[in-house]
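1. generate coordinates for the sequence data below:
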Amino acid sequence: MLSTISRRIARPQALRQLTQQRRNAGGAPHYNEPSGWLFGEKPPPPGQKRVREEWEVIWYWGMFGGMGLAAVLLYYKPDTSIQTWALKEAKARMEARGESVEYKPSSP
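-> Alright, predicted model coming up:
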């Protein structure tokens, strides 16, 4: 009986220790102290240009070239709406029956 009581008391304490270990397992949160510079880069002295890294040009071409290609493809995308298909289908069926597709109002 004493062993079951001691298990009941020790169990919540063990769970608290386990959750506390999980909570602190990763260490302190990583935080980069703000430096006041854009993207953490110090601006070059007057009269000097910023030296680009080798991946930047590829990134610009890929990002903006991809956006331009997507814009062109979306502009020339075929019309696949159900309304367009239904209009073409109705016109084809009316012409097959010999009916006029054009609307001509009757004169009063």
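
2. counting contacts, what elements does the host helix or strand of A92 pack onto?
-> If you go by DSSP states H and E, A92 is part of helix 82-97. Identification of packing neighbours for helix 82-97 by 3 or more CB pairs under 8 Å, 6 or more residues apart in numbering; DSSP states H and E yields no helix or strand. No exception for glycine: its C-beta is placed from N, CA and C like everyone else's.

3. any idea of the mean pLDDT in it?
-> For helix 82-97, mean pLDDT is 95.

4. what residues does it touch?
-> Residues outside helix 82-97 that contact it (CB atoms under 8 Å, 6 or more residues apart in numbering): S100, V101.

5. please save the CA atoms from that helix in CSV.
-> The C-alpha coordinates for helix 82-97 follow below in CSV (Å, rounded to 0.1, in the frame of the first residue of the first chain):
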residue,chain,number,x,y,z
ILE,A,82,-18.0,26.5,-69.2
GLN,A,83,-19.9,29.5,-70.5
THR,A,84,-17.6,29.8,-73.6
TRP,A,85,-18.0,26.1,-74.3
ALA,A,86,-21.8,26.2,-73.9
LEU,A,87,-22.1,29.2,-76.3
LYS,A,88,-20.0,27.5,-79.0
GLU,A,89,-22.0,24.3,-78.5
ALA,A,90,-25.3,26.1,-78.7
LYS,A,91,-24.3,27.9,-81.9
ALA,A,92,-23.1,24.7,-83.5
ARG,A,93,-26.4,22.9,-82.7
MET,A,94,-28.5,25.8,-83.9
GLU,A,95,-26.6,25.9,-87.2
ALA,A,96,-27.0,22.1,-87.6
ARG,A,97,-30.8,22.5,-87.3
